[in-house]
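> dropping the sequence and predicted coords here.
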Amino acid sequence: MLVAGYFLLGLWPFDFWPLNRVDWLPDRSGLQFAPYGLAYDPTSLSAPPEPGGNAQMTAVFTVELWLEPQPEPANNVFHILTIHNRQLPLDFTLGQWKRDFLLRGTTQPRQPAGKIPEAGLDNTLSAGKTRFFTV
């Protein structure tokens, strides 16, 4: 009985079924993400073999995003979208660093600072301005 009391007090007011904060757009195809939303597809991105018999795996896809950025994050990269496929060596991440839009390839375990492959667009994300990106 005492152990049950500890669990009840220790987990209170823990929500075992939190809201996901992802909704279908009402007027067109697409998803709307509130902070910390998650979309999951149980099928992996296709990774067709490269011509010439190269065994290295690649995935080919396009991401289109309408973004209305949040105010500049304080001191970390804010992850907008991360695509993970355990069959590929890198996770693909789109993020925001201050007013910059970043494309990153990250691995687990994480790389040391300065070793993360990334590219970006400077001064493209301003709070309150909606932008369209195709990657």
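Cool, the structure landed. Numbering: from 1, shown residues only.
> burial check on residue 60, number of neighbours?
Burial measure for residue 60: 8 neighbouring residues, criterion other CB atoms under 10 Å. C-betas here are computed from N, CA, C, even on glycine.
> and for the one 5 residues further on?
By the criterion of other CB under 10 Å, residue 65 has 15 neighbours.
> spatially nearest residue to it (excluding sequence neighbours)?
residue 133 (4.9 Å; CB to CB, 6 or more residues apart in numbering).
> give me the three-state assignment for the one you found.
Look at residue 133: counting by DSSP: H, G, I helix; E, B strand; the rest coil, its state is strand.
> tell me the contacts of it?
Contacts for residue 133 were tallied using CB atoms under 8 Å, 6 or more residues apart in numbering; they are 63-65, 67, 94, 101.
> please redo it, this time with the cut-off set to 7 Å
65, 67, 101 (CB atoms under 7 Å, 6 or more residues apart in numbering).
> following the helix or strand harbouring the first one in sequence, what is the next regular element?
Using DSSP states H and E, residue 65 falls within strand 64-67. Beyond strand 64-67 on the C-terminal side, the first helix or strand identified by DSSP H and E is strand 78-83.
> that following strand - what's its average pLDDT?
Per-residue pLDDT values over strand 78-83 give a mean of 83.
> helices or strands up against it?
Packing partners of strand 78-83 (3 or more CB pairs under 7 Å, 6 or more residues apart in numbering; DSSP states H and E): strand 91-97.
> so the strand it packs on versus strand 78-83, what angle?
Interaxial angle of strand 91-97 relative to strand 78-83 (axes from the mean of the first three to the mean of the last three CA atoms, to 10 degrees): 160 degrees.
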